[in-house]
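Participant: Task: produce atomic coordinates for the following.
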Amino acid sequence: MSTEQEGMELSTFEPGGRAGKWVDTSVDITDHQRLEDELRASEERFRLTFEQAAVGIAHVGIDGRWLLVNPRLCDIVGYTQEELLAQTLHGVMLPEDLSLAFSDAQRLITGEQQTYAKELRFRRKDGSPVWVNLSVTLVRNQEGWPLYFLAFTEDITARRQAELQRQFNQLKDQFILHMNHELRTPLTSLLGYLELMRVQQGRLDAAAQARFLNTAIRSGEELLQLVNSVLDGLTITEQMPPPQRGEIAVAFLVRDVVAYLDPGEGQADRLHIDIPDGLTVWANGQLMRQVLGNLLSNAFKYCPKPAPVVVSAALFDRDERDVPPSVCISVQDAGPGIPPEELPLLFQQFTRLKRDLSSHVGGSGLGLYISKRFVETMGGRIWVESSGINGQGSRFCVLLPGGPHAPETTGA
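Facilitator: You can find the predicted model right below:
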C-alpha cells in the first residue's frame, strides 16, 4: 500500500549561533488526500445529476427566490438560467394557486409536514400554461433552522392532455347516447300529435285540436332548445371575442326571462324575486337572457312543485374609487341538491349528474358549460353552492360588473 507524506526539515543551533543537527519531520496525508478526492467525486456526481436530470431541480429561498436551477427546469418554463434566477417561484405560478402554495410552504417551515406534492400549472415565458407535478421539501441546518426549499418539477402536460382527451371521449360517447334519446323524445311526440290530427281530421272538436297543437308546439320548442344548445356548445371557442355590453336592469331582465320560459306553465307562481328595481349590471342582454334562462330552467326542472325558487341580487362593494361594485345574481331552489363529488364536473361539456341519466328529466349536458363561457366573456364569474342534501337544493351565483348607475348600497 502506497502512502503520501508531507515532510519538513528543521535545524537546531548551538550556543554561539553555530548550526547543530538537522531534524526531519513528516506527516502521512493519505487519509486527507482520500477525503479530498472523495469530496471532489461526490461534488462531480451531484453536478452531473443536477445538470442532466430528467426533471427540474431547484433550490428556492425562504422568500421564494430561485437560488439554483438546473437546465431541465429552464426548459420546462422557457426561461434562461439568468432570467429565472432573477424571478421567484411564485412568479411562474398561476394566481389561483398562490394561496395554496403559501399555505404549504408555511406548513413545511413550522414542521407540520415534511414534504408536499401538487399537480398545478406553471406559466411559461411565452404565456402558455404547462402542467407540472411539483414536489417540495425543506432543507434545514444542524440546528434545525430553515435554509432553503428543495423543489422537483416534472412536466406532466402530455399525461394531463391524454387524460383530458380520454375523459372528453367518454363524455362525448355518453352525450351521443344521451342525445339519441333526448332528440327522439320530443320529435316522436311532435310527429305523433301531428299524425293524430291528420288521421282524425274533421272528427276532432276545437278543444282537442287546440290541446294536440299545444303539445306539438311544446315538443317542437323543446327540440329547438336542444338543437340550439348543441350548436352553441360546438361553436363556443376558448378565445371568444368580448361581446358588446351595456347597462341592464336586473329585475326587468329576470321577469322578461320568466315570461318567456313560462307561457302558462304556472312556474311563475312559485318564483320569488328579491331584486332592487334600480340594480343594474354591465353585460350583454342576449347572453344574460340565455344564462338566466338556463339557470331558471334547471331550477324549475329539478325542484318539484310547489317548492319555491328564489332569484335574488345584491351589490358587492369592492371599496375602490371610480370602480362600480360587482353584482351577484343568485338562483336558489329547494330540490335534491348536487352531490359534492360531482360539483367540479358541473360546468364541463356534455356533463349530466349520474342520477339524471336514468331519470325522466331531459337536458343536453351543455347548458351550464355554455353559461360559464358566456359569463366569463362578460368579465364575470359563475359558481354553485350545494350540500347535496335533498330539500336543501342548490344555489347558482353569477357575479358581474355593476352598472355605472348602480344604487349606493352594499350586499352580501
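Participant: Can you spell out the domain ranges of this protein, please?
Facilitator: Following automatic domain parsing, one gets these domains for the chain: 1-52, 54-155, 159-235, 240-412.
Participant: Pick the most deeply packed of these.
Facilitator: domain 240-412 (a mean of 17; mean count of other Cβ atoms under 10 Å). Using the backbone N, CA and C atoms, a C-beta is placed for each residue, glycine as well.
Participant: Can you show me the CA trace of the lengthiest strand in the chain as CSV?
Facilitator: Counting by DSSP state E, the longest strand found in the chain is strand 129-140. Extracted C-alpha coordinates of strand 129-140, given in CSV (Å, rounded to 0.1, in the frame of the first residue of the first chain):
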residue,chain,number,x,y,z
PRO,A,129,-49.5,27.1,-19.3
VAL,A,130,-47.6,23.9,-18.6
TRP,A,131,-48.9,21.2,-16.2
VAL,A,132,-46.3,20.1,-13.6
ASN,A,133,-46.0,17.8,-10.7
LEU,A,134,-44.3,19.9,-8.0
SER,A,135,-42.7,18.2,-5.0
VAL,A,136,-41.1,20.4,-2.3
THR,A,137,-39.2,19.7,0.9
LEU,A,138,-37.4,22.0,3.3
VAL,A,139,-33.6,21.7,4.0
ARG,A,140,-32.5,22.7,7.5
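Participant: which element is the closest residue in space to V139 that isn't next to it in sequence on?
Facilitator: Among residues not flanking V139 along the chain, L147 sits closest, at 4.8 Å (Cβ to Cβ, 6 or more residues apart in numbering). Using DSSP states H and E, L147 maps to strand 146-155.
Participant: Would you mind giving the secondary structure of the spatially most central residue of the chain?
Facilitator: For the chain, E96 is the residue whose C-alpha lies nearest the centre (Cα atoms, centre = their mean; 8.1 Å). On the three-state scheme (DSSP: H, G, I helix; E, B strand; the rest coil), E96 is labelled helix.
Participant: ok, now how distant is it from V291?
Facilitator: 22 Å (Cβ to Cβ, to the nearest Å).
Participant: where along the stretch 301-412 of the chain do the helices fall?
Facilitator: Assigned by DSSP state H, counting those that start in this stretch, the stretch 301-412 of the chain shows helices spanning 354-357, 367-377.
Participant: looking at these, which is closest to R121?
Facilitator: Nearest of the helices of the stretch 301-412 of the chain to R121, taken as Cβ to Cβ: helix 367-377 at 17.4 Å.
Participant: Please enumerate the strands of the stretch 201-350 of the chain.
Facilitator: In the stretch 201-350 of the chain, the strands defined using DSSP state E, counting those that start in this stretch lie at 246-249, 271-274, 280-283, 309-316, 326-332.
Participant: Over to the stretch 1-150 of the chain?
Facilitator: Using DSSP E, counting those that start in this stretch, strands in the stretch 1-150 of the chain cover 5-13, 19-28, 56-60, 66-69, 115-123, 129-140, 146-155.
Participant: sorry, back to before: run through who's touching the strand holding L147.
Facilitator: 55-62, 67, 73, 76, 89, 105, 108-109, 122, 130-141 (Cβ atoms under 8 Å, 6 or more residues apart in numbering).
Participant: Now do that strand against strand 129-140: the angle between them, please.
Facilitator: Following axes from the mean of the first three to the mean of the last three Cα atoms, to 10 degrees, one obtains 150 degrees for the angle between strand 146-155 and strand 129-140.
Participant: So that it lines up with my notes, have the first residue be 22 from now on.
Facilitator: Understood, numbering begins at 22; the last thing we discussed is strand 167-176.
Participant: so how far is strand 167-176 from its chain's centroid?
Facilitator: Strand 167-176 sits 24 Å away from the centroid of its parent chain (Cα atoms, centre = their mean, to the nearest Å).
Participant: Show the model's pLDDT score for Q265.
Facilitator: Listed pLDDT for Q265 reads 86.
Participant: Pull the contacting residues for it.
Facilitator: N305 are the contacts of Q265 under Cβ under 8 Å, 6+ apart.
Participant: how far away is it from L185?
Facilitator: Applying Cβ to Cβ to Q265 and L185 gives a distance of 32 Å.
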